[in-house]
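**Q** quick one, fold the following:
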Amino acid sequence: MKPKNLENTIASVDTLIGRKKEEKRKRLLDAAYTCFTEHTISGTSIAEICAEADIAKGTFYLYFKDKEDIVRALNKRISYQVLCNVYQSHRSENFIDHSVRMASELIHYFEKDHEVVALMKKDFVWPIDEEGFLTCDDPMMIDIRNDIDAYAVQSGLSSHQILVRVYALICMIYSVCYSSIIDHFPSDLSQVKPEIDAMIRASLAPIKKV
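**A** A predicted model of the protein is given here:
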């Protein structure tokens, strides 16, 4: 059996190594964001990302397989941050009203931050897969799980159905925002928003009992 002080030392070293790895990964993601917004994704090389992060190029491949991999990771991080910014607003409302309000907050966020919209193109993503969503201990994801489960009891929809519909609605909202902001199609967001609200209410409406 290892002495207690040795176990504590090993645990401390493991924690320190893990923290340093996470710091380097964060530096690479921050650098990628800077490079992509200044030079576009296609106009940025892995070497430029590493130079911006002040990390050796070989170290990049300890964290990401290639440039597409870091683009996906950056999209997930941005998506998570955006959801964090909007999800807690008006949580006292019922689930559908909260979803409509959240959509409004998302649209407002994207209207203000064209840089993020241009960077992510149409690749706004739900930042975690369903298995991870059901088991993770992230506070925001726990809140979303609890809200979905509670609404499932009220609506007659399953939690899985609600999750899929929320995911589809969020991706749709971002895609519409991108088209309206970047391509100016199908119309101005102020005209699109009422249609989005109607689609959210129809998609999440409780099942009518016969």
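
**Q** quick one: contacts of stretch 63-71?
**A** 21, 24-25, 28-29, 32, 36, 41, 44-46, 49, 60, 73, 123 (C-beta atoms under 8 Å, 6 or more residues apart in numbering). Placement of C-beta: from N, CA and C, glycine included.

**Q** could I have the CA atoms of stretch 94-110 written out in PDB?
**A** The C-alpha trace of stretch 94-110 is given here as PDB (Å, rounded to 0.1, in the frame of the first residue of the first chain):
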ATOM      1  CA  ASN A  94     -43.400  28.200 -18.400                       C
ATOM      2  CA  PHE A  95     -41.300  26.100 -20.700                       C
ATOM      3  CA  ILE A  96     -42.700  27.300 -24.000                       C
ATOM      4  CA  ASP A  97     -42.600  31.000 -23.000                       C
ATOM      5  CA  HIS A  98     -39.100  30.500 -21.800                       C
ATOM      6  CA  SER A  99     -38.100  28.800 -25.100                       C
ATOM      7  CA  VAL A 100     -39.600  31.700 -27.100                       C
ATOM      8  CA  ARG A 101     -37.800  34.200 -24.800                       C
ATOM      9  CA  MET A 102     -34.600  32.300 -25.200                       C
ATOM     10  CA  ALA A 103     -35.000  32.400 -29.000                       C
ATOM     11  CA  SER A 104     -35.500  36.200 -28.800                       C
ATOM     12  CA  GLU A 105     -32.300  36.500 -26.700                       C
ATOM     13  CA  LEU A 106     -30.400  34.300 -29.200                       C
ATOM     14  CA  ILE A 107     -31.500  36.500 -32.100                       C
ATOM     15  CA  HIS A 108     -30.600  39.600 -30.100                       C
ATOM     16  CA  TYR A 109     -27.200  38.200 -29.300                       C
ATOM     17  CA  PHE A 110     -26.400  37.300 -32.900                       C
END
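
**Q** quick check: mean pLDDT across that stretch?
**A** Averaged across stretch 94-110, pLDDT comes to 87.

**Q** domain ranges for this structure?
**A** Domains of the chain are assigned by automatic domain parsing as 1-64, 76-205.
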